[in-house]
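>>> What would the 3D arrangement of this be:
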Amino acid sequence: MGLFDRRAGKGTPFDWLVVGLGNPGKEYTRTRHNVGEECVRLLAERHGAPLKAGRDNALIGEARFGQGIDAERVVLAFPLTFMNESGRAVAALVRRYQIDTPEQIIVVQDELDLDPAVVKIKAGGGLAGHNGLRSIAQHLKSQDFLRVRIGVGKPPNKDRGASHVLTRVPSHQRDLLDVAVAEAADAVEAIVADGIDAAMQTFHSR
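Numbers count the residues shown, from 1 in each chain. Model (predicted):
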């Protein structure tokens, strides 16, 4: 039986799983690698679903996007594993919240191949060498999950890749990233409300 085969579970299945990638620990807070975490925390604030430690190596908030009977049930999660083990937490959350398909998973990530503060939406596709995405794909046995990509730009040279994403950001760039994190949160909400195609059309036409 595969990960996405429906299993008998307690409660009503959730509609969406939104995962913000990053590394746990104060030393990584506000670094480029943790913009995904920042986005999920912002969504948790917007929707009154504070993130709390759960059973599945993640901080979790259970939210409703929208009003009334049409509201979408959304799990907001920040894995407490390090980036290259993110998939362990994601797979556990898929089982716990009875997520049916990888297309119901939105991963918010930092992206070296985009200019700083550019936000793009992607459905499936390659992993671009991102360790968090690679781990998720390995555990889900699928690359079809959705991504909201926050550009952090390339390092001056390849040898400085780790320091580029793991060190604090200069204040002038940090202001731009804060705007991008809010835009990424808007993009997640648009995917949930209108679907991936409509969200891509809206955000990629800007």
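
>>> okay, CA-based contacts and neighbour counts for the rest of this
Noted.

>>> which residue ranges form the helices in the chain?
Counting by DSSP state H, the chain has these helices, from start to end: 35-46, 86-96, 131-140, 161-166, 171-194, 196-204.

>>> so L17 bridges to which residues?
V75, I105 (DSSP bridges).

>>> separation between it and V107?
Separation of L17 from V107 (C-alpha to C-alpha, to the nearest Å): 8 Å.

>>> Could you do K141 as well?
15 Å.

>>> Same check on G151?
14 Å.

>>> chain center to stretch 100-113, what's the gap?
6 Å (C-alpha atoms, centre = their mean, to the nearest Å).

>>> same check, this time on stretch 40-51
For stretch 40-51, the distance to the chain centre is 13 Å (C-alpha atoms, centre = their mean).

>>> And that stretch, what's buried?
For stretch 40-51, burial by neighbour count (16 or more other C-alpha atoms under 10 Å) applies to V40, R41, L42, L43, A44, A49, P50, L51.

>>> Tell me how many other residues crowd K141.
Applying the criterion other C-alpha atoms under 10 Å, we find 14 residues in the vicinity of K141.

>>> Tell me the confidence at it?
pLDDT, K141: 96.

>>> same thing with D5?
70.

>>> Which residue, other than its chain neighbours, is closest to it?
D100 (6.9 Å; C-alpha to C-alpha, 6 or more residues apart in numbering).

>>> Quick check: D113 vs F203, distance?
17 Å.

>>> Contact partners for the closest residue to A187 other than its chain neighbours?
Nearest residue to A187, sequence neighbours excluded (C-alpha to C-alpha, 6+ apart): A199, at 6.6 Å. A199 sits next to I121, A187, A190, I191 when contact means C-alpha atoms under 8 Å, 6 or more residues apart in numbering.

>>> Quick check: closest non-adjacent residue to G61.
G61's closest residue in space is L51 (C-alpha to C-alpha, 6+ apart), at 4.5 Å.

>>> same check, this time on E111
Nearest to E111 is G151, by C-alpha to C-alpha, 6+ apart, at 4.7 Å.

>>> Same check on G48?
A63 (7.2 Å).

>>> do the same with Q98
Q98's closest residue in space is P13 (C-alpha to C-alpha, 6+ apart), at 5.0 Å.

>>> That neighbour contacts Y97, doesn't it?
Yes. Contact criterion C-alpha atoms under 8 Å: P13 and Y97 qualify, at 5.6 Å.
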